[in-house]
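K.L.:
Here is my input, please return the structure:
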Amino acid sequence: MSLAPRIPLNRSSLTGYQMVDRYDELVAQNLEMLVRTCPGERMMDPQFGVGARRFLFENASTNVFESFKSKLLQQVQRYMPYLQIRNVKFVSSLDNSNVDENFLGIKISYFNTATGQMGTMRVAQVV
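P.N.:
Residues are numbered from 1 along each chain as shown. Prediction:
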């Protein structure tokens, strides 16, 4: 059973487009869209999105990390209330001198209350 098109869209000879057919994949895809979408980018819902890109161009600091985490929790509560964010870990040169100063990694651990499954999402960006 197909649940949604896989993003980014790719052709499939079987269904027309590649499809997501497992709930855990759909949840991961939806969370990624929520994290990567900037508020205002979706015309039908301008409040949607965490806007991870916007945080990448801020000077790395615990205040910026806390702002991202706060926005993430707010957005998940509104758009994906079946998820519980368990942990948000940032990887940057602030915490680890071996990490390039232009790298920011974010690891989001979550629990899906609807399926009882844990999941992890990683966002990595070099700016």
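K.L.:
hey, where'd the helices end up in the chain?
P.N.:
For the chain, the helices defined by DSSP state H cover 23-36, 52-56, 62-79.
K.L.:
so which of these gets nearest Asn112?
P.N.:
Each of these has some distance to Asn112 by C-beta to C-beta; the shortest is helix 23-36, at 5.6 Å. For the C-beta atoms, the positions are set from N, CA and C on the backbone; glycine is no exception.
K.L.:
will you turn the helices of the chain into CSV that also has mean pLDDT, mean neighbour count and distance to Gly119?
P.N.:
Output for the helices of the chain, formatted as CSV (pLDDT from 0 to 100; neighbours: other C-beta atoms under 10 Å; distance: least, C-beta to C-beta, whole Å):
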stretch, mean pLDDT, mean neighbour count, distance to Gly119
helix 23-36, 90, 17, 6
helix 52-56, 80, 17, 17
helix 62-79, 93, 16, 12
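K.L.:
possible to save those as JSON lines with distance to Leu9?
P.N.:
Below are the helices of the chain laid out as JSON lines (distance: least, C-beta to C-beta, whole Å):
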{"stretch": "helix 23-36", "distance to Leu9": "12"}
{"stretch": "helix 52-56", "distance to Leu9": "21"}
{"stretch": "helix 62-79", "distance to Leu9": "21"}
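K.L.:
Nearest to Arg86, out of the ones you listed?
P.N.:
When these are compared (using C-beta to C-beta), the closest one is helix 62-79, at 11.2 Å.
K.L.:
Let me know the angle separating that closest one from helix 23-36.
P.N.:
Calculated by axes from the mean of the first three to the mean of the last three C-alpha atoms, to 10 degrees, helix 62-79 forms an angle of 130 degrees with helix 23-36.
K.L.:
who's in contact with helix 62-79?
P.N.:
31, 34-35, 47-52, 55, 58, 83, 85, 88, 90, 94, 106, 108, 110 (C-beta atoms under 8 Å, 6 or more residues apart in numbering).
K.L.:
repeat that with 6 Å
P.N.:
Identification of contacts with helix 62-79 by C-beta atoms under 6 Å, 6 or more residues apart in numbering yields 34, 50, 55, 58, 83, 85, 88, 90.
K.L.:
Okay, the closest residue to Pro46 other than its chain neighbours and Gly16: tell me how far apart.
P.N.:
Nearest residue to Pro46, sequence neighbours excluded (C-beta to C-beta, 6 or more residues apart in numbering): Gly40, at 4.8 Å. Between Gly40 and Gly16 the computed distance is 31 Å (C-beta to C-beta, to the nearest Å).
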